[in-house]
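Student: Kindly return the folded structure for what I paste below:
(one chain, ligands or ions: 1)
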Amino acid sequence: MNSRRDFLQKLAASAAALPFLSAHHAFGNTELPHATAQDPTLRVALMGLGGYASRVAEAIQSCKRTKITGLISGTPAKLADWGTRFGVPETSRYNYENFDRIKDNPNIDAVYVITPNALHHDQVIRVAKAGKHAICEKPMALNAIEGQEMVDACTKAGVKLLVGYRMHFEPKTVEVVRMRAAGEFGAIKFFQGQCGFRIGDPTQWRLDKDLAGGGALMDIGVYAINGSRYMIGEEPVWVTAQETKTDPVKFKEGVDETILFQLGFPSGAVASCLSTYSMGYLDRFFLNGEKGFAEMQPSTGYGPIKGRTNKGELTQPHVTHQTLQMDAMAGIILDGNTPPVPVDGHEGLKDLKIIDAIYRACATGTKQELNLS
Ligand code: NDP
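Tutor: Residues are numbered from 1 along each chain as shown. All right, here's what the predicted structure looks like:
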């Protein structure tokens, strides 16, 4: 192993440990526990070998306690290629018809579902029925009814359901959450989340309502929804929203191009967010409190995340997000660790309830009350 890779792995291991300190040590200056090669390893099957799964698979190569032991794909050539590349034997390669057989595979602890949004619900429920833990990409499902069914299925099967919220482990984000929780910004008054990019190929599944479940809000707006909750540290109680569309050919009925939404929180704090598929360079969080502020740009991309607070630049080192995430998730699944910002199915369900309410607010033009308990 070359020294740079060794250094990066050490960095990943120590940063991965960050979210798992006990409540007492959580944000103090105590020595950090390190994930070590001796810790039990999470053996993961990847489902849906597309663009994001490629990124996750590469990131897992630098993990201390996660490895790829299974593959599930509808494309036989990918199974062969990825199988060779990541050392997954033919006996642990499956397709969408036969993957229920993972229940008989003792080398798989969890399945990471990385398919188009509309497939998550059925696939996670099948994973749970096979007795394996499920990690599901965002958005967890198409709506809260589906999300609740997934949570219930995993509870019934006695397996964990986690959502791929990689920002919950990103060191600069974790530091801002720590500062906010410690009261360093004073009472929080305002959050702004702007999330968007210019989407290309009009034939991709992200622009097909049947597979995507919606448009930019499901895909990228969810970062502003989720971010408003962990940055403010409260659950919203109301939402208002407005939709605009400049290209009704590309963004067909049910596929949102741009949505502005506003959230109200019990303390009186408010959030103002923008989700779009038609503006570039939109990846910015701003948090304002009575005693200080935090601003991050980029705030949710693959990084490096950049940001500063009223106390100065955020200097935590960049580590590949998915490496941190997967080792952290190994700790959650295998050791029962509790991260400071939850990543479980209930967390995903709350975001789905907000998404449902935003679409209702757009359709009706009225303020929607939220009850996320
Ligand atoms: P891709 O289109 O790149 O890959 C999706 C893969 O799913 C395909 O390659 C295919 O793999 C499989 N698949 C199964 N059925 C279908 C179908 N009907 N149509 C298309 N693909 C199908 O998508 P992404 O990897 O970008 O996104 C997948 C999920 O990951 C989404 O939920 C997305 O929101 C999420 N994501 C999360 C990110 C994050 O930062 N957390 C970033 C990007 C995406 P195969 O051929 O192996 O069956």
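Student: alpha carbons only for contacts and neighbour counts from here, please
Tutor: Noted.
Student: SS state for Ala45?
Tutor: Three-state call for Ala45 (DSSP: H, G, I helix; E, B strand; the rest coil): strand.
Student: Show me what it is bridged to.
Tutor: Per DSSP bridges, the residues bridged to Ala45 are Gly70, Val111.
Student: residue contacts, it?
Tutor: Contact partners of Ala45, counting by C-alpha atoms under 8 Å, 6 or more residues apart in numbering, are 68-72, 108, 110-112.
Student: Spatially nearest residue to the residue of the stretch 101-250 of the chain found nearest the ligand (excluding sequence neighbours)?
Tutor: Closest residue of the stretch 101-250 of the chain to the ligand, C-alpha to the nearest ligand atom: Thr115 (3.7 Å). Distances taken as C-alpha to C-alpha, 6 or more residues apart in numbering place Gly48 nearest to Thr115, at 4.9 Å, with adjacent residues excluded.
Student: Which pLDDT value belongs to the one you found?
Tutor: Gly48 is assigned 99 on the pLDDT scale.
Student: what sits against it?
Tutor: 72-74, 113-115.
Student: out of the residues you listed, who has the most neighbours?
Tutor: In terms of neighbours by other C-alpha atoms under 10 Å, these top out with Val113 at 28 neighbours.
Student: Dihedrals phi and psi, that one?
Tutor: Phi and psi for Val113, reported as degrees, to the nearest 10, are phi -90, psi 110.
Student: so it touches His120, yeah?
Tutor: Yes. Contact status for Val113 versus His120: in contact at 6.7 Å, counting by C-alpha atoms under 8 Å.
Student: what residues do those two have in common as contacts?
Tutor: Common neighbours of Val113 and His120, counting by C-alpha under 8 Å, 6+ apart, are 136-137.
Student: what helices or strands is the helix or strand harbouring His346 leaning on?
Tutor: For His346, the host element (DSSP states H and E) is helix 345-364. Helix 345-364 is packed against helix 144-157, strand 161-163, helix 222-232, strand 238-244, strand 368-369, with contacts defined by 3 or more C-alpha pairs under 8 Å, 6 or more residues apart in numbering; DSSP states H and E.
Student: so how far is the ligand from the nearest residue to Arg93 once chain neighbours are set aside?
Tutor: In this structure, Arg93 finds its nearest non-sequential neighbour in Leu71, 4.9 Å apart by C-alpha to C-alpha, 6+ apart. Remark: distance between Leu71 and the ligand (C-alpha to the nearest ligand atom, to the nearest Å) = 8 Å.
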